[in-house]
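# task: produce atomic coordinates for the following.
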Amino acid sequence: METILITVSVLSTLAVVAIVLSVVVILNKLKGKVDVEVINDIIRDNENNNTHLEMEISEVNEQINRRIDKEVNDINQHSIDVEHNISNYIGEVDKRLDSRSDKLYDHMGKELENLHQEINKNQKVLLKD
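Okay, the predicted model is just below:
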């Protein structure tokens, strides 16, 4: 996008230089051959063309800036949406992990309880013998 702005700026500068250079060349070629009124008309026309070109370049710059701003806003909104989706997904994974760890903890507690009961039974049998 910056290259477009640079290109438009360079082209506008070249257009202004070309217009000024054409005026100088015309003045040098027509020096003493053309009436002052004709030269003044040519200068006015060139100034009007310059003003018109500057206005067009300004409009193009504004359009490009609006498009850039829109694209940046779209990208920002998309990144916010992606971040929100990732956050939701991580929350779901955390819930699943918590649920699984709770189940595992409960299962381990039951298994330890069963082992304690087995050990207690074996101790009673061993003590009786």
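
# now Thr7: which helix or strand?
Per DSSP states H and E: Thr7 is located in helix 2-30.

# what score does Thr7 have for pLDDT?
Note for Thr7: predicted pLDDT of 79.

# OK, contacts around it?
Under the criterion of C-beta atoms under 8 Å, 6 or more residues apart in numbering, Thr7 has no neighbours. For glycine as for every other residue, the C-beta is placed from the backbone atoms N, C-alpha and C.

# which residue comes closest to Val60 once chain neighbours are left out?
Nearest non-adjacent residue to Val60, counting by C-beta to C-beta, 6 or more residues apart in numbering: Val8, 5.7 Å away.

# so the one you found touches Ile64, yeah?
Yes - contact status for Val8 versus Ile64: in contact at 7.1 Å, counting by C-beta atoms under 8 Å.

# wait, isn't Asn61 in contact with Leu5?
Yes - proximity of Asn61 to Leu5 meets the contact threshold set by C-beta under 8 Å, at 6.9 Å.
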